[in-house]
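>>> quick check, what structure comes out for this input:
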Amino acid sequence: MSKLLDKIINLFKWPVAVYMLVSLPALFSSVDFFNFRNFKSVAFGAGFFMYFIGRTMADSSVKVSMQIIAHELTHTFFALLTMHKIEHIRLNPDESGGEMGFKGDGNWLIVIAPYFFPLFGMFYMILMGFFPNNLIFNGILGYFLGYHTDTVGSQIHDKQTDLPKVTYTFCWMFLPGANLWIIGSFLAFNSRGWEGMVVYFDLINRLNWQNFQYILSMLF
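Below you'll find the model as predicted:
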């Protein structure tokens, strides 16, 4: 089953990259969708900035270790999601990185997942769904977005071994849009929960369609 899933996912690699690339104008303009003049947004923003304030006071070795753990767990999560058997997860003693192994050839989603998918943040969103609205929870959600943006930013560099596996061309096409989509999803969830995320996804698709029609009208 994992081999079939890998083949299907790999078929969508470049179409997804193109979609993320052409979605950039819609993702930038979608900021008008959000209303930042409410207590939820204030709490969310406070949590976001609290992460970076706390980051300056945290022990650097602990911070790096947590980023490596999150990185390898995200690889692992997507490997399990695509039905691969995990063989090992290792962290280098010198905190230079880590490694996870699984059976099968894998797919591009397993490789690139840590560079756009907020594993801890997503599980926290699921947890939030079981509790009533609370500004403290909104603040913690903002904290997780801060953690995600910092982790992704620190991991994208020319010595990273994952990126050449999917090609740098793919990374430049896919990662900016994918990360903006994640940021918008956090903001939408903070505003209206899962319903807000559905509305946000629909908005991006509608904006893409409007942009496509505008380009057609300019050409013809």
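>>> quick one: low-confidence residue ranges for this protein.
Under the criterion pLDDT under 70, the flagged ranges of the chain are 58-63, 93-97, 132.
>>> how about the helices in it?
Taking DSSP state H to define them, one finds helices in the chain at 2-11, 13-22, 24-29, 39-57, 60-81, 108-112, 119-128, 135-155, 163-166, 168-219.
>>> just those: most buried one?
Per residue and on average, the most neighbours among those fall to helix 108-112, with a mean of 22 (mean count of other Cβ atoms under 10 Å). Every residue, glycine included, has its C-beta placed from N, CA and C.
>>> same for that helix, what does it pack against?
In terms of contacts (3 or more Cβ pairs under 8 Å, 6 or more residues apart in numbering; DSSP states H and E), helix 108-112 is packed against helix 2-11, helix 60-81, helix 163-166, helix 168-219.
>>> and the third one, how far out from the chain middle?
It stands for helix 163-166. A distance of 17 Å separates the centroid of the chain from that of helix 163-166, by Cα atoms, centre = their mean, to the nearest Å.
>>> which strands and helices lie in contact with it?
Judged by 3+ Cβ pairs under 8 Å, 6+ apart, helix 163-166 is in contact with helix 108-112.
>>> my guess is Ile140 meets Tyr124, correct?
Yes - contact criterion Cβ atoms under 8 Å: Ile140 and Tyr124 qualify, at 6.9 Å.
>>> for the helices of the chain, which one sits closest to Ile89?
For the helices of the chain, the distance to Ile89 is smallest for helix 60-81, at 5.5 Å, taking Cβ to Cβ.
>>> got the contact list for that closest one?
55, 86, 89, 91-92, 95, 97-100, 102, 106, 109-111, 113-114, 117, 119-120, 151, 154-155 (Cβ atoms under 8 Å, 6 or more residues apart in numbering).
>>> angle of that helix against helix 2-11?
110 degrees (axes from the mean of the first three to the mean of the last three Cα atoms, to 10 degrees).
>>> Phe130 and Asn190: what is the separation?
Noted for Phe130: a distance of 16 Å to Asn190, by Cβ to Cβ, to the nearest Å.
>>> same question, Met66
When Met66 is compared with Asn190 (using Cβ to Cβ), they lie 23 Å apart.
>>> likewise for Lys13?
When Cβ to Cβ is applied, the distance between Lys13 and Asn190 equals 31 Å.
>>> same check on Met50?
Plainly put, Met50 is 15 Å away from Asn190 if you go by Cβ to Cβ.
>>> contacting residues around the nearest residue to Asn208 once chain neighbours are set aside?
The spatially closest residue to Asn208, leaving aside those adjacent along the chain, is Ala26, at 5.0 Å (Cβ to Cβ, 6 or more residues apart in numbering). Contacts of Ala26 were listed using Cβ under 8 Å, 6+ apart, and they are Leu203, Ile204, Leu207, Asn208, Asn211.
>>> could you dump those into a markdown table and include distance to Met1?
Putting the contacts of Ala26 into a markdown table (distance: Cβ to Cβ, whole Å) gives the following:
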| residue | distance to Met1 |
| --- | --- |
| Leu203 | 35 |
| Ile204 | 31 |
| Leu207 | 36 |
| Asn208 | 32 |
| Asn211 | 38 |
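>>> and which of those residues is nearest Gln160?
Ile204 (27.8 Å).
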